[in-house]
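A.B. asks: Compute the structure for the input listed below.
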Amino acid sequence: MAYDDLRAWIHALERAGELKRIRTEADPILEIAEIADRVSKSRDQQGNIGGKALLFENVKGYPGSQLLINQFGSARRMRLALEVGALDEIAERIRAFMDVKSPQGFLDKVKMLPMLAEAGKLFPRIVATGPCKEVIKRDNFSLLDFPILQCWPQDAGRFITLPCVITRDPRTGKRNVGMYRMQVYDERTTGMHWQRQKVAAEHYRERLRSAAGTLANGKTAAVDIMARSSGGSMLAAGDRPIGKMEVAVAVGTDPALTFSAIVPAPPEVEEFIIAGFLRQKPVELVKCETVDLEVPANAEIVLEGYVNLDELRTEGPFGDHTGFYSLEDEYPVFHVTCVTYRKDPIYATTVVGKPPQEDAWMGKAVERIFLPLMKLTIPELVDVNLPIEGVFHNLMIVSIRKSYPGQARKVMNAIWSLGQAMFTKCIIVVDEDVDVQDIADVTLKVTNNIDPERDIQFTLGPVDSLDHSARLANYGSKMGIDATRKWSTEGFSRPWPDEIVMDSKTRALVDGKWKALARELGIE
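C.D. replies: As a prediction, this is how the structure comes out:
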């Protein structure tokens with residue numbers, strides 16, 4: 001059964017031997033991050049990396065508080081979080097949904113009933129109340145009542161790092177759940193670091209466009225305000241539209257919902273539905289107290305509030321998953337109007353930095369689970385690898401079933417057109433006989449298969465906001481490498497040599513002797 005909340009997940013981690021309770025006092029300013037960083041990079045006796053999930057029970061300055069970190073910090077914990085033996089099980093369920101055909105007769109309709117029943121589990125349910133309403137504070141609250149971390153020495157302050165940020169599309173009314181860091185400015189305001197290309201940022205821009213349209217000539221005014229404000233990333237000179245956009249933030253949700261906040265879902269699909277699909281059980285939602293939004297009923301902490309359309313504030317720097325500090329920039333300000341929480345709330349957080357950290361394992365889960373959806377657009381894809389050291393957007397290795405000349409370049413351009421994959425700085429395309437999960441095999445094939453001048457291409461376009469090397473913020477170059485075998489129809493006229501492989505007869509002969517040889521050689 002799905003974990004109903006963060007507490008059920010913590011109990012499951014403890015039963016599985018994946019949780020350590022830390023009773024030694026630890027400071028949320030830098031110290032907890034240093035401990036978590038060391039643990040995330042540690043190995044057990046079997047060589048497994050990631051350490052344990054950590055539940056700090058003696059947080060300096062916060063008597064009685066508990067803080068959870070590194071909950072997703074290993075491949076095993078990601079499988080536990082999503083309640084599967086292998087992440088490919090979820091990919092298979094996605095494939096099954098995509099393979100549904102229109103029923104041709106009565107028997108076909110009967111066969112579809114179990115799938116339709118499963119689909120009914122996807123959609124969230126509104127309930128009257130929930131544990132997140134055990135304490136409700138419209139006044140006399142402070143964000144500093146929670147043990148919010150400062151992770152790195154040059155960070156601009158404390159940051160909420162594992163929030164589920166909920167906004168509503170002003171055009172369709174659909175909700176979005178995203179994960180954006182939130183710098184705490186004071187007791188009641190934070191930054192809202194939704195990067196320019198994220199869905200919540202588009203909701204913000206839609207509010208700007210709409211507000212601008214009420215001041216002047218509709219679509220022309222909307223185009224004008226986008227140009228003058230650089231897509232809402234700066235305060236436009238002259239007349240500016242005013243207004244608010246409501247936002248809610250849930251901290252400490254069940255693992256499937258927390259994970260759903262980072263997945264690259266199409267804007268048309270609510271993350272609450274994705275969480276329902278992963279949990280095989282609907283997410284229960286409750287109405288907020290001061291804004292017109294719904295939040296997870298079982299969340300540990302909920303922050304309600306708004307951002308102003310005519311207010312930006314300097315946010316950052318912040319030590320990020322790139323291994324470098326992301327630079328200062330201007331972002332909207334989140335004003336908190338109400339805080340609700342469970343009695344004795346557990347503060348869930350994370351630290352990002354040089355990999356591997358727990359976000360690396362979340363990224364690997366996205367890679368495995370969403371491969372079937374990538375194949376919808378790019379059917380020749382065989383497999384994908386986002387190496388942990390490539391920190392998500394810096395490197396993608398893909399294998400394809402090549403059928404025509406120039407196909408590797410077509411695949412590169414297709415990937416750059418796919419949602420968050422547009423940020424991929426380097427794409428390497430190899431043939432289907434290369435195991436993209438085996439970096440040694442990839443390195444051998446790529447370095448042997450390319451003529452650099454011929455097989456490397458560059459393009460300009462959007463880049464990750466965290467990319468400090470780009471020529472401009474959010475805009476720079478990307479590289480694609482065609483490491484597939486070259487065909488004569490691609491202008492390659494030289495012979496292509498065979499790869500070195502022992503013949504099957506000799507392999508079988510040595511296989512029969514290998515146990516004895518291994519003992520003799522001492523390599524058992």
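A.B. asks: And the lengthiest strand in the chain, what does it pack against?
C.D. replies: Secondary structure of the chain per DSSP state E: the longest strand is strand 301-315. When contacts are defined as 3 or more Cβ pairs under 8 Å, 6 or more residues apart in numbering; DSSP states H and E, strand 301-315 packs onto helix 199-215, strand 244-251, strand 329-341. Every residue, glycine included, has its C-beta placed from N, CA and C.
A.B. asks: in that strand, what's buried?
C.D. replies: Neighbour-count burial for strand 301-315 flags I301, V302, L303, E304, G305, Y306, V307, L309, L312, E315 (criterion: 16 or more other Cβ atoms under 10 Å).
A.B. asks: just those now: which is nearest M234?
C.D. replies: Proximity of those to M234 was ranked by Cβ to Cβ; the top entry is L312 with 7.0 Å.
A.B. asks: can you tell me which residues contact that closest one?
C.D. replies: M234, L235, E330, Y331, P332, V333 (Cβ atoms under 8 Å, 6 or more residues apart in numbering).
A.B. asks: which of the residues you listed has the most neighbours?
C.D. replies: Y331 (28 neighbours; other Cβ atoms under 10 Å).
A.B. asks: That residue: what's it in contact with?
C.D. replies: Contacts of Y331 (Cβ under 8 Å, 6+ apart): G191, M192, H193, W194, L312, R313, E315.
A.B. asks: nearest residue to it other than its sequence neighbours?
C.D. replies: Nearest non-adjacent residue to Y331, counting by Cβ to Cβ, 6 or more residues apart in numbering: E315, 4.3 Å away.
A.B. asks: coming back round to it: can you lay out the helices and strands packed on strand 301-315 as a markdown table showing mean pLDDT?
C.D. replies: Listed next are those as a markdown table, based on pLDDT from 0 to 100:
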| stretch | mean pLDDT |
| --- | --- |
| helix 199-215 | 86 |
| strand 244-251 | 97 |
| strand 329-341 | 97 |
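A.B. asks: And these: which comes nearest D441?
C.D. replies: Per Cβ to Cβ, nearest to D441 of these: helix 199-215, 36.6 Å.
A.B. asks: circling back: mind listing the strands the longest strand of the chain pairs with, and their directions?
C.D. replies: strand 244-251 (antiparallel), strand 329-341 (antiparallel) (DSSP bridges).
A.B. asks: Reformat those as TSV; add distance to V177.
C.D. replies: Output for these, formatted as TSV (distance: least, Cβ to Cβ, whole Å):
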stretch	distance to V177
strand 244-251	8
strand 329-341	15
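A.B. asks: Nearest to P296 among the ones you listed would be which one?
C.D. replies: strand 244-251 (5.1 Å).
A.B. asks: List phi and psi for P372.
C.D. replies: When quoted as degrees, to the nearest 10, the phi and psi of P372 stand at phi -60, psi -30.
A.B. asks: And for it, the neighbour number?
C.D. replies: Neighbours around P372, by other Cβ under 10 Å: 20.
A.B. asks: Could you do R494 as well?
C.D. replies: R494, neighbours per other Cβ under 10 Å, totals 7.
A.B. asks: so who does it touch?
C.D. replies: Here R494 is in contact with no residue (Cβ under 8 Å, 6+ apart).
A.B. asks: do the same with T290
C.D. replies: Contacts of T290 (Cβ under 8 Å, 6+ apart): R138, E304, G305, T337, C338.
A.B. asks: go on, P317?
C.D. replies: Contacts here follow Cβ under 8 Å, 6+ apart; on that basis P317 touches Q154, D155, A156, Y325, S326, L327, E328.
A.B. asks: Throw the residues you listed into a markdown table and include secondary structure, thanks.
C.D. replies: As requested, the contacts of P317 are exported to a markdown table (DSSP: H, G, I helix; E, B strand; the rest coil):
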| residue | secondary structure |
| --- | --- |
| Q154 | coil |
| D155 | coil |
| A156 | coil |
| Y325 | strand |
| S326 | strand |
| L327 | coil |
| E328 | coil |
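A.B. asks: Now list the buried members of these.
C.D. replies: Buried by 16+ other Cβ under 10 Å: D155, A156, Y325, S326, out of those.
A.B. asks: pLDDT and distance to V430 for these - can I get that in CSV?
C.D. replies: Formatted as CSV, these follow (pLDDT from 0 to 100; distance: Cβ to Cβ, whole Å):
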residue, pLDDT, distance to V430
D155, 97, 39
A156, 97, 41
Y325, 95, 34
S326, 92, 31
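A.B. asks: Just the closest of these to L521, please.
C.D. replies: Nearest to L521 among the buried ones among the contacts of P317, with distances taken as Cβ to Cβ, is Y325, at 50.1 Å.
A.B. asks: Is that closest one bridged to anything, and to what?
C.D. replies: Counting by DSSP bridges, the residues bridging with Y325 are G319.
A.B. asks: gap between it and D438?
C.D. replies: 33 Å (Cβ to Cβ, to the nearest Å).
A.B. asks: Which one of the strands paired with strand 301-315 lies nearest to Q280?
C.D. replies: Q280 lies closest, by Cβ to Cβ, to one member of those: strand 244-251, at 20.6 Å.
A.B. asks: and that closest one, how far from the chain's centre?
C.D. replies: How far strand 244-251 lies from its chain's middle: 19 Å, per Cα atoms, centre = their mean, to the nearest Å.
A.B. asks: low pLDDT regions in this protein?
C.D. replies: Applying pLDDT under 70 to the chain picks out residues 1, 97-120, 214-218, 524.
A.B. asks: returning to what we had before: which one of the buried residues of strand 301-315 is nearest I427?
C.D. replies: Checking the buried residues of strand 301-315 against I427 with Cβ to Cβ, the nearest one is E315 at 30.0 Å.
A.B. asks: what sits against the closest one?
C.D. replies: A156, Q183, G191, H193, E328, D329, E330, Y331.
A.B. asks: what are the bridge partners for the second one, then?
C.D. replies: Right, the one you point to is Q183. The partner list for Q183 in beta bridges (DSSP bridges) reads F159.
A.B. asks: mind listing what it touches?
C.D. replies: Residues near Q183 by Cβ under 8 Å, 6+ apart: A156, G157, R158, F159, T190, G191, H193, E315, G316, F318.
A.B. asks: Against which helices or strands is the helix or strand containing A91 packed?
C.D. replies: Using DSSP states H and E, A91 sits within helix 88-98. Applying 3+ Cβ pairs under 8 Å, 6+ apart, we find helix 88-98 packed against helix 106-119, helix 358-369, helix 371-377.
A.B. asks: ok, 10 Å please
C.D. replies: If you count contacts as 3 or more Cβ pairs under 10 Å, 6 or more residues apart in numbering; DSSP states H and E, helix 88-98 packs onto helix 106-119, helix 271-279, helix 358-369, helix 371-377.
A.B. asks: The last one: which residues count as buried?
C.D. replies: It stands for helix 371-377. By 16+ other Cβ under 10 Å, the buried positions in helix 371-377 come out as L371, P372, L373, M374, K375.
A.B. asks: circling back to that earlier point, so for I69, which of the helices and strands packed on strand 301-315 sits nearest?
C.D. replies: That would be, of those and by Cβ to Cβ, strand 244-251, which comes in at 12.6 Å.
A.B. asks: On the C-terminal side of that closest one, identify the next helix or strand.
C.D. replies: Following strand 244-251 in sequence, per DSSP H and E, is helix 255-260.
A.B. asks: Against which helices or strands is that following helix packed?
C.D. replies: Helix 255-260 packs on helix 6-15, helix 75-81, strand 163-168, strand 175-178, strand 244-251, helix 271-279, helix 358-369, going by 3+ Cβ pairs under 10 Å, 6+ apart.
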